[in-house]
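*Asks:* coords below, sequence missing:
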């Protein structure tokens with residue numbers, strides 16, 4: 001018998017409309033403002049309405065950075081690449097994965113994540 005082509009998963013799915021806020025650690029705000037960070041990688045499946053403009057918001061203060069979502073890609077953690085890491089402001093894939101474990105301790109190689117690509121609005 002062959003292996004199944006579909007893997008059952010119970011990932012969370014979040015839908016965002018324009019005006020919504022995405023939390024962002026304060027330490028990343030400067031990287032976003034200087035275009036060193038052009039994406040954020042989140043656990044689960046995130047969907048955005050067309051031409052969605054959202055705010056990246058630091059919980060440490062009232063900084064709200066308006067961004068336009070330019071694309072999303074959902075993939076397994078084990079398929080994240082060096083390019084994904086660099087667009088998210090990290091020098092290596094290992095550094096990205098290590099940082100992701102700070103926010104998502106149960107994240108594993110087979111966990112679904114969404115790469116949310118953005119530009120300053």
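*Replies:* In hand now; what should we look at? Keep in mind the model is a prediction, meaning the values are calculated, not measured.
*Asks:* kindly state the beta-bridge partners for residue 75.
*Replies:* Here residue 75 sits in beta bridges with residue 113, as judged by DSSP bridges.
*Asks:* who's in contact with it?
*Replies:* 112, 113, 115 (C-beta atoms under 8 Å, 6 or more residues apart in numbering). C-beta: built from backbone N, CA, C; applies to glycine.
*Asks:* do residue 103 as well
*Replies:* By C-beta under 8 Å, 6+ apart, the residues touching residue 103 are residue 43.
*Asks:* local confidence estimate at it?
*Replies:* We have a pLDDT of 95 for residue 103.
*Asks:* quick check on it: phi, psi?
*Replies:* According to degrees, to the nearest 10, the main-chain angles of residue 103 amount to phi -100, psi -30.
*Asks:* how near is it to residue 96?
*Replies:* In this view, residue 103 and residue 96 are 11 Å apart by C-beta to C-beta, to the nearest Å.
*Asks:* residue 93 and residue 81 touch, don't they?
*Replies:* Yes - Residue 93 lies in contact with residue 81 (C-beta atoms under 8 Å); the separation is 6.7 Å.
*Asks:* those two: who's more crowded?
*Replies:* residue 93 (15 against 12; other C-beta atoms under 10 Å).
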